[in-house]
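Asker: I need the structure of the sequence given here:
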Amino acid sequence: MSTLPLDVEPPTDVIWYGLFHYYLFLGFAAGTIVICFMIYSVAKNRARKGVVRPAPKFEDREHLWGNWKGTLMILLLTGSVLAFVEYQTFASTGLVVAPDGTDTIHIEVIGQQWDWIFVYPNGVRVIGNLTVPQNAEVVLNVTSDDVAHSFTIPSLSIAKDAVPGHFNALWFNATGLGSYTIRCKELCGIGHALMTGTLTVMSPAAYEQWYSSLQLPTGIGLGGSSGQITNPTTSTNSSVTSTAEGRLPT
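Answerer: Numbers count the residues shown, from 1 in each chain. The predicted structure is shown next:
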């Protein structure tokens, strides 16, 4: 399986890691300042033989404001840092709100021992291969047909639990053409290690051609039984089945 080019990252990765690096840098800076000041204070005020330090007299300045300028500077500096990181945090809310534009592609993901099944808007089910266009917003509705699984695409740094009777939303935008491994991260039985799939990212034109080839088999209509056809452009290890309403047969 290929991986994303070294100079290309998924958009969500760019935002998430950018925010992470902000907090890491600021936290490291704050910790360094505090530790250095602590070491300085200990060294300056350490006990020395023959040196007697008088207790500080606070009563002489009770009627004054004290060092208000220094206190104000610290508050302004701290407030500025917190305002910056909070702005960046709220600016990244797109990571937790699923896109819902007219061009968004919604695909249902069903985990079952030990395969991944992908149900496309036209009702066709693809087993083992998730095919999407490049640079498109893709929303996955993840669930399970038997036990708990965990759907993950390591190359895109995304994962979501697949829970029976419940749908979890997961979305991504794949920027690099190629094929990427899909895995299950939840121990789900004896075949867990073999519960893999493939994410195939095509150019928009190639995807349109591939998607138009996903037709319901002849003789399957509303209320008909499920059928199976061969996917001509994806992995030979994948198969394509369909149901009239896009659901697994019961």
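
Asker: for the rest of this, base every contact and every neighbour count on C-alpha atoms.
Answerer: Fine.

Asker: identify the residues contacting Gly101.
Answerer: Applying CA atoms under 8 Å, 6 or more residues apart in numbering to Gly101 gives no contacts.

Asker: is the residue lying farthest from the centre of the chain in a helix, a strand, or coil?
Answerer: Distance to the chain centre peaks in the chain at Gly50, reaching 62.3 Å (criterion: CA atoms, centre = their mean). Of the three states, Gly50 takes coil under DSSP: H, G, I helix; E, B strand; the rest coil.

Asker: give me the distance between it and Gly165.
Answerer: Here Gly50 is placed at a distance of 77 Å from Gly165 (CA to CA, to the nearest Å).

Asker: quick check: Gly176 is in a helix.
Answerer: No - read with three-state DSSP, Gly176 is coil and lies in no helix.

Asker: doesn't Leu199 make contact with it?
Answerer: No - at 11.2 Å, Gly176 and Leu199 do not qualify as touching, with contact defined as CA atoms under 8 Å.

Asker: give me the helices and strands touching the helix or strand harbouring Phe84, please.
Answerer: Remark: Phe84 resides in helix 68-91, with elements defined by DSSP states H and E. Applying 3 or more CA pairs under 8 Å, 6 or more residues apart in numbering; DSSP states H and E, we find helix 68-91 packed against helix 11-44.

Asker: just checking, what packs against the helix it packs on?
Answerer: Partner elements for helix 11-44 (3+ CA pairs under 8 Å, 6+ apart): helix 68-91, strand 168-173.

Asker: the inter-axis angle of that helix versus strand 168-173?
Answerer: Relative orientation of helix 11-44 versus strand 168-173 (axes from the mean of the first three to the mean of the last three CA atoms, to 10 degrees): 90 degrees.
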